[in-house]
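>>> Generate a structure from the sequence data that follows.
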Amino acid sequence: MTPVELSRTVLRAVRRAVEAGELSVAVPARAVVAPPGPGGRGDYATNIALQLARPAGQPPLRVAEVLRSYLAASEGVAGVEITGPGFLNLSLDGSAAAVLVRRVLGEGPRYGHGDRLAGQVFAVRVPYEVRAEVVADVLARIVAAQGGRVDISHDGPVTLRPAPAPEDPAPLGLDAARWALLHPAPHDRPRVTADHLVQRESNPLFRVRYAHARTRAVRRNAAGLGFGPWSGSGSPLDAVSDAATDAVTESVTDVVAADFGLQVPSEAHELLSLLADYPRILATVVTDVPQPGTPGLDPGAPSRLARHLLALADVTLVLLPVVLPRGEEKPSAAHRSRLALAEAAGAVLAGGLSLLGIDAPDHL
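Numbers count the residues shown, from 1 in each chain. Sure thing, here's the model as predicted:
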């Protein structure tokens, strides 16, 4: 279950409470769902009870109590706890996480794409400046992945003007140049230096591309050992046999129970959260409240995507060493499920880099 889907689940709970007469409020258009903050628990948290308390004329804790019963009965939700002044903390069950991994494996690099912007056209006017043109290009790619279109031109008043590049990034090569321009927030001046070419962990671009290449290498090595993230042969769309589904479900349950055969179960849990949050990251390309003189697109979306890929790459690199059997160990369901997580991470890294216009090599 992705945060977007979980947000819909929260809104359905509010709607059911209103229909049952337990709350007298207008159902909001959206519910914010995010990883829990300090003191929080579970997989995600929402402040919907605090948001509705005043219009409902009830204390936040009372609103939270009302919503908890409806959320606890929702498909894919394993538990609901109330913390602080009325935050609802949601824990997802293993099957929901298994569905997420199956979805990523099935959709591959197109995971997170959709048609929510179908039929919409955004006009973007940029100056004759390399960073503005690259940011506009990536905005167009992300919008296209959501079914919309961006018309980019140099005519008329400028509507997209990030901080310009201090010098020509072309000597860095296409991939490093694009990363140098896209990774910083649009209001920050980019660094156009040879640091982006260094093949070591201090270089964020290297970490992202290396993590993707390592997921491909792990897949090749697993195939050499005679196992994959699913049983049998066929396309990724057929990669959801009962055995594979059980393996993925088992792995997620073990992660939550800190019994995944890993020394870092929290990182495995973070990887699942980052996978689930990826569609929301793409959806933020459209601003909630467009400002006058702007195209209705968020110029920070490319930077946000780059940073999300970096976070995903870092946690993936921590988990990859335990994917394959060691020594005389035989491949097991746990290894297949770990490989499924690695494959899913690799698919998202490949898809995200493609949207940034950066190559995702299988070998590095």
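>>> Quick one: distance of the top helix by length along the chain to the chain centre.
Counting residues, the longest helix in the chain under DSSP state H turns out to be helix 333-355. Here helix 333-355 shows a centroid-to-chain-centroid distance of 12 Å under the convention CA atoms, centre = their mean, to the nearest Å.
>>> now do stretch 7-19
24 Å.
>>> Kindly report the same for stretch 115-127.
22 Å.
>>> Format the CA atom coordinates belonging to that stretch as CSV.
Extracted in CSV, the C-alpha atoms of stretch 115-127 (Å, rounded to 0.1, in the frame of the first residue of the first chain):
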residue,chain,number,x,y,z
ASP,A,115,-2.9,8.9,-15.9
ARG,A,116,-3.9,11.3,-13.2
LEU,A,117,-2.8,14.3,-15.4
ALA,A,118,-4.4,12.9,-18.6
GLY,A,119,-5.5,15.7,-20.9
GLN,A,120,-3.8,18.4,-19.0
VAL,A,121,-1.3,20.7,-20.7
PHE,A,122,1.2,22.9,-18.8
ALA,A,123,2.9,25.8,-20.5
VAL,A,124,6.4,26.5,-19.3
ARG,A,125,8.4,29.6,-20.4
VAL,A,126,12.1,29.4,-19.7
PRO,A,127,15.1,31.7,-20.3
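>>> circling back: for the longest helix of the chain, what does the pLDDT average out to?
The average pLDDT within helix 333-355 is 92.
>>> in it, what's buried?
333-353, 355 (16 or more other CB atoms under 10 Å). Heads up, the C-betas are built off the backbone N, CA and C, glycines and all.
>>> Tell me the confidence at the residue most central in space within the chain?
Of all residues in the chain, the one closest to the mean position by CA atoms, centre = their mean is Y278, 1.8 Å from it. Here the pLDDT value assigned to Y278 is 94.
>>> Might you report the residue contacts of it?
Y278 makes contact with T2, Y111, G112, H308, L312, V348, G352 under the criterion CB atoms under 8 Å, 6 or more residues apart in numbering.
>>> Of those residues, just the buried ones, ChimeraX syntax please.
For the buried members of the contacts of Y278, the matching ChimeraX selection, counting by 16+ other CB under 10 Å, is:
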select :2,111,112,308,312,348,352
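>>> Including secondary structure and distance to N221, could the contacts of Y278 go into CSV?
Shown next, in CSV, are these (DSSP: H, G, I helix; E, B strand; the rest coil; distance: CB to CB, whole Å):
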residue, secondary structure, distance to N221
T2, coil, 30
Y111, coil, 23
G112, coil, 27
H308, helix, 27
L312, helix, 21
V348, helix, 20
G352, helix, 24
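>>> what helix or strand is the residue nearest to the centre of the chain on?
helix 265-283 (DSSP states H and E).
>>> Would you mark the buried spots in that helix?
Buried residues in helix 265-283 (16+ other CB under 10 Å): 265, 267-283.
>>> again with stretch 84-92
Quick answer for stretch 84-92 (16+ other CB under 10 Å): G84, G86, F87, L88, N89, L90, S91, L92.
>>> The residues you listed in strands, which ones?
Residues from the buried residues of stretch 84-92 lying in strands, with DSSP state E as the criterion: F87, L88, N89, L90, S91, L92.
>>> and which of those residues is nearest Q199?
Nearest to Q199 among these is L92, at 37.6 Å by CB to CB.
>>> Kindly state the beta-bridge partners for that closest one.
V77 (DSSP bridges).
>>> Isn't it up against V80?
No. Contact criterion CB atoms under 8 Å: L92 and V80 do not qualify, at 10.8 Å.
>>> Quick one: low-confidence residue ranges for the stretch 251-364 of the chain.
Within the stretch 251-364 of the chain, the stretches with pLDDT under 70 are 251-267, 289-295.
>>> number of nearby residues for D155?
6 (other CB atoms under 10 Å).
>>> S202 too?
S202: 8 neighbours (other CB under 10 Å).
>>> Count the residues that sit near the closest residue to it other than its chain neighbours.
Spatial nearest neighbour of S202, excluding adjacent residues (CB to CB, 6 or more residues apart in numbering): D195 at 7.5 Å. Per other CB under 10 Å, the neighbour tally for D195 reads 16.
>>> Let me see the confidence value for D195.
95.
>>> Likewise for the one 5 residues further on?
For R200, the pLDDT comes out at 92.
>>> Report the contact partners of it.
Here R200 is in contact with F206 (criterion: CB under 8 Å, 6+ apart).
>>> now with 6 Å?
Contact partners of R200, counting by CB atoms under 6 Å, 6 or more residues apart in numbering, are absent.
>>> Report the separation between it and A306.
19 Å (CB to CB, to the nearest Å).
>>> now swap in G226 and tell me
Distance from G226 to A306, by CB to CB: 37 Å.
>>> Settle it for me: which of the two has more neighbours?
A306 (24 against 8).
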